[in-house]
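In: Any chance you could fold what I've pasted below:
(chains A, B and C)
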Amino acid sequence: MIISALAVVALLGVVYAGVHVWGMHVLFGIVVPYVAILLFAYGLIKRVMGWASSPVPFCIPTTCGQQKSLSWIESSYFDNPHTTVGVVGRMLLEVLCFRSLFRNVQTQVRDGRVAHGSDEWLWIGALAFHWCFLVIVIRHLRFLTEPVPFFVSFLEQVDGFFQVGLPVFLASGFIMLGAVTYLFARRLFSPRIRYISLPADYFPLFLIMGIACSGILLRHLVRTDVVTVKEIALGLVTLHPAGSGLLAKAHWLFFVHLTFVSVLIAYFPTSKLMHMAGVLLSPTRNLANNSRMVRHVNPWNYPVKVHTYEEYEDEFRDKMKDAGLPVEKE
Amino acid sequence: MTLESLLLEKRADIVRGWIDRTLALFPASTGVFLRTTEDRFDNPVGEAIFSHMGPLFDALLENAPREAVEPHLDPIVQIRSIQDCSASEALSFVFLLKDVLRQEAGDALHDSRGEPLREFDGRIDRLALLAFDRFIGFKQKVYEIRIKEIKNSVSTLLKMSNLTCDDPK
Amino acid sequence: MAEQARFDQMGYYDPEKLVRVDTTLPSTGWMDTPVAIRPGTYIYPVKPKHLEYLGMPFARQWAPADPDWKLPPNWKEIILDGIRERLDRFRSFKLFMDICVRCGACADKCHFFIGGGDPKNMPVLRAELIRSIYRRDFTVAGKLLGRMAGARELTPEVVKEWFYYFFQCTECRRCSVFCPYGIDTAEITMIGRELLNLLGIGINWILEPVANCYRTGNHLGIQPHGLKDTLEFFAEDIETVTGVKVNVPINKKGADILFVTPSGDFLADPGTFTCMGYLMLFHELGLNYTWSTYASEGGNFGLFTSHETMKRLNAKIYAEAKRLGVKWIMGGECGHMWRVLHQYMDTMNGPADFLEVPVSPITGTRFEHARSTKMIHIVEFTADLIKHGKLKLDPSKNDRIKVTFHDSCNPARAMGILEEPRYVIKSVCNHFHEMPANTIREKTFCCGGGAGLGTDENMEMRLRGGLPRGNAVKHVRDAFGVNHLAAMCAIDRATLAPVCEFWAPGVRVTGIHELVANALIMKGQTERTLNLRQEPLGEEAGETAHE
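Out: Down below sits the predicted model:
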C-alpha cells in the first residue's frame, strides 16, 4: 500500500518539477496524453480480443431465480433469463445497478431495530463512485467538443443543482472523492479486505483520489483559465496540439491532473480495472439459461474414450443372462 | 461489597472483554467477520458467541447448576469441537475469563483480599471441566455419526450380499 | 503458522499465547502462510489402480501428510502447460483470472469460511491460489513486478495448498451469486482439480466412483444382476407397505422413457425410500419406462475430476437411450447430476436428434423447455401431474411430518428449479415451513459434502461446512417444530443426515418422492398402516424423529 501511495506522490513530484521547474510542457501536455491514449487503445483491444479468442465451451449461467419450465410457473425473467431480451435486462441491471452486489444488502431486524451491515455501504459506495465517475467523464466532454452537445450542458446543470459557490460546486466530483475515500478506508480498516488486498488494489484508488483532488482544486481554488484548457484539449482531440506558448499559460496543476488521467488510462488495460469490459463477457451472467432448449456448441468438443455398451455386455453377459436381463448377443 | 455484586456491576465490561478475547482466537480477518455480520444465519459462529457468553457469565455469577450452564456452554463448545483447532485452543476461551476479570475489575478485587476471587476462579475451573466433558461429548457424537453414516451408506447391502465388485486387475 | 510451544513446554496453556493473532493486523500475508496438512483435515488420496483403470496419468502411492508427494520430474511444465491450454479453452477461466477487483463481496458467502473461519476459504483467496501463479507466468505485470502485482512462484507447496483448498470447495456457486462480475469459484475449482489430476493427484472418494461408473455404469460398482436384485428388493418392501406388487422394467427395449437416477439412492438410507417412491409413482401411472443397468448412474463424479472425465461418463446416457430406442429421458432427484444434464450433456454428447421432445403420456404436456436435451426432471414431471389432477393424493398421510425444503446448490444455482419442488411438497404435505430467506433458493447453503467431499474421513470438515445450513434447520425446528428436511439431491440425502443429527437433532432427511409416495393412493392398495420406512403411520409427529 505504501508503495502504491509513494508511486502516486512521486508522479505528482515529477510532473510538478517537469512543468513548473523545467518547463517540459510539451512532454506532459502532448506526449504523455498521446502515448497514454495509444497504450489504452492497444491494451484494451488486445485484452478484450484475448478474452474473446477463448471460446465459451459450455452454457454456465449462474441462475438466481425460477427457471422457465412449466407454463403455469412464472419464471424469473431477469434473474434467470431464458431469452436474449432477458439476458440484456440482466446485464443492464448488473452494469447499471450492480444487481449482484445489491444481493449483499439485507435489512435485518436485530433486537427490535433495523440494522445495516457493512455490505450495504459497499453497494452504495460502489454505485456512487461509478456513477459519479461516468458523470464526470461526460461533463469533461465540454472541453473536448465544440459546440458542446446539449446533454453535456444539461448534465452539468443537474450536477450543479445546489447552486452553491462560484463557480458552482458540482456534486459529482465531491461524491466521487467521498466514495473513493470510503472504498480506500474499507481496504485499510477492514482486516478481512486488507488481508486480500494487493498493491494493485491501492494504486488505482490513490490515482483516482489524485485526479479528483486536482480536478476540484483546478475548478475552485486555482481557478485555471478554462478557455486555455479548452483550447489545449481541443488541440489534442483534433490532432493539432497546442504550441508551447499556449501550454505555458495553463497552471502546473492542470498538467498534474492531465498526467494522472493519462497514467490511469495507460494502466487500465493491464490491471483489474478491466473489470469494466470483463463484466460484459462474463459467461455466468451473459448467457441465457436455455441449455435444455437450444444446444450450446463447444468448438473444441473432441471425442473421448468411452466404455461402450458392447464392452459392458461382454464383461457382464453371463451374469445378465443368469439374472434374466435382456442382452444384445446371446 | 461482595464479589458478586462487584462483578455484576462490571458485567458489561467483563462480558465484552471476554467476547473480544474469544474472537481474537480466530484469525484477524475472521474475527471481524464474526463481530460485524449481524445476521444470525449468515454468521452462526458469531451469533453463538455473542448471544451465549453473557448468559454463561451470569450462570457463573449465580453459581448455577450444571443444567443451567449447559444450554449456554453447548453452542460455543459444539462449534469449537468441529473447527480445525486443538482441544486446548478450542476450550481456552473459558480460561480467558480469568484474565478479563483481573483486567476489568482488578483494582476493586484487591480490596476483597483475594479469597472470593479464588472462589470464583474455582467456578471458572469447574466450567472448564464441564466444557471438557461437553467437548468430548461432541467429539464422540461426530464419531457416532461417522459410523452411522458408513452403515447407512450400505444399508441395502447389509440386507443383501454379493452386489459390488472391485476394479478388474 | 507461527511456531507453537510443545504441550510440555511452558507457555502452551498461556492464554496470551493462544491469542496469537493481533486483531487489527494479519500476522502473515496469505502467501507466507503455508498450509498445514494434518491427518483428519484431508480426504484420502486416490488408489493407483483406479487411475490405471481410467487411463489417467501418474498413478502412484502417496499420502498428503508425506513431505514428498512424488511429483513427476516435469511437474511444473505440466501445470503451466495445463494452465495455458485451459486459458485458451475456457473464456470463463481466462476472464476470472483477470477481472477480480477483490471487493470482498464473496468473502463471507462460503459455508466453509462461515463455519470454520479459515481465511483461505474466502472464495476470493481460493481463486487467488491459482491467480497468483497465473500472474507470475502469464502476465507482463506479474513477470516484472512479482509479488507487488500479486504474483508468486509455483512450488510444491503451492500444489499442496491447491490440493487442500480445492478439495475444500463444494463447487456450490453461492459466491458467484454475490459477485458483481459473476466470478464462479466452482469454475476455478474445477480447473484447479483438473490441473491436479494431470499430476495424478486426486481423492479416492471421487475417483473410485468414477472408475466404478466407467466400468459398471454406476458409482457404487453395482453389477447388472445386483441392480436387478436391489430394485426387486425395493418392490418387495413396497408390497409389504402397500400390498401392491410394482413391476420393475430393466433394459427394456421399446420403452417410451429411460429413467436415470443417482445410484446413491440404491444403497443408502434415506435415499432408498425416494427410489421406492419412483417405482410406486411409475407403476401407478402405468408408465412405459425402463431402468438401465448400463446407464445406471445419473450422478457424475467426472464433474469433480475433469471436463473430459465428465464427458466420458455422461456419454452412456444418450448411448443407452439410443440403444433402447426410447422417446425421451427422465432424471431423478439429484443435485450435481442436474448441473451436468442441464448445462453440459447436450453440448458434450448431443445433439440428441434421435429422441423426441418430451411429452407427458398422462397429461399431454409438451416440455418445450427441454426440447433440445430431451431430458426432464422428475419433479417437473410430477408437478405437472399434480397440477392436472392426475394423482390421487392423501396429504394427511404425511401429517406427522412438518417439513422444510433445502434447495440443493446445483438445481438452484445452475438450473433454477425452485417452485416445482415447493409445489409438489405443498401438494403432499399439510405442514410446510420455509427456512430464512437468506438461506434458501439462489442463496441456499451447501450441505458441506458436495463435489465429492461427502466421505467420512473429513466428517469434521463437513460438519463445519454444514453449520450454516444446520443452523437454519435448527431455527425452523425450534420455531415451527419442523421434523423433516426434504431435499432433491442424493448427496444431500446422505450428507444432511449427519448435519441435522449434529446441529439440529430430531430432524430427519427425506426425498420429495418419498413424501409423494407416502401420500399416493394406489389402485388396489391395502389399508396403509406403515410409511415407506415401515414405521407406523399413526404415530405422533416427533416421536419417531428422535432415534
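In: Report the contact partners of the residue of the stretch 401-547 of chain C found nearest chain B.
Out: For the stretch 401-547 of chain C and chain B, the shortest gap (CB to the nearest CB) falls at C:Asn471, measuring 4.0 Å. No exception for glycine: its C-beta is placed from N, CA and C like everyone else's. Shown in contact with C:Asn471 (CB atoms under 8 Å, 6 or more residues apart in numbering or on different chains): B:Arg40, B:Phe41, B:Pro44, B:Glu47, C:Trp503.
In: Mind telling me what element the first one is part of?
Out: Read that as B:Arg40. If you go by DSSP states H and E, B:Arg40 is not part of any helix or strand.
In: Now the phi/psi pair for it, please.
Out: phi -70, psi -20 (degrees, to the nearest 10).
In: burial measure for it, as a count.
Out: 18 (other CB atoms under 10 Å in any protein chain shown).
In: Any idea how many residues pack against the nearest residue to it once chain neighbours are set aside?
Out: Residue nearest to B:Arg40 in three dimensions, not counting chain neighbours: B:Glu47, with 4.1 Å by CB to CB, 6 or more residues apart in numbering or on different chains. Residues near B:Glu47, counting by other CB under 10 Å, number 19.
In: Quickly note the distance from B:Glu47 to chain A.
Out: For B:Glu47, the distance to chain A (CB to the nearest CB, to the nearest Å) stands at 10 Å.
In: how distant is the helix or strand where A:Gln157 lies from the center of its chain?
Out: For A:Gln157, the host element (DSSP H and E) is helix A:150-159. From the chain centre to the centre of helix A:150-159 is a distance of 23 Å (CA atoms, centre = their mean, to the nearest Å).
In: tell me which strands and helices it is in contact with?
Out: Secondary-structure packing of helix A:150-159 (3 or more CB pairs under 8 Å, 6 or more residues apart in numbering or on different chains; DSSP states H and E): helix A:118-139, helix A:141-144.
In: Now tell me what touches it from outside.
Out: Contacts for helix A:150-159 (CB under 8 Å, 6+ apart): A:Val135, A:Ile138, A:Arg139, A:Leu141, A:Arg142, A:Thr145, A:Leu170, A:Ala171, A:Ser172.
In: Mind giving me the ChimeraX command for buried ones among the residues you listed?
Out: To isolate the buried ones among the contacts of helix A:150-159 in ChimeraX, judged by 16 or more other CB atoms under 10 Å in any protein chain shown, type:
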select /A:135,138,139,141,142,170,171,172
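In: Farthest pair within the contacts of helix A:150-159?
Out: Using CB to CB, the contacts of helix A:150-159 span at most 22.3 Å, a distance reached by A:Thr145 and A:Ala171.
In: A:Pro199: how many residues sit nearby?
Out: 17.
In: per-residue pLDDT, it?
Out: As predicted, A:Pro199 sits at a pLDDT of 84.
In: That one contacts A:Ala5, doesn't it?
Out: No - between A:Pro199 and A:Ala5 there is no contact, the gap being 9.8 Å when judged by CB atoms under 8 Å.
In: How about the residues of the stretch 401-547 of chain C by chain B?
Out: C:436, C:438-439, C:456, C:459-461, C:463-464, C:467-468, C:471-472, C:475, C:494, C:497-498, C:501-503 (CB under 8 Å from any CB of the partner chain).
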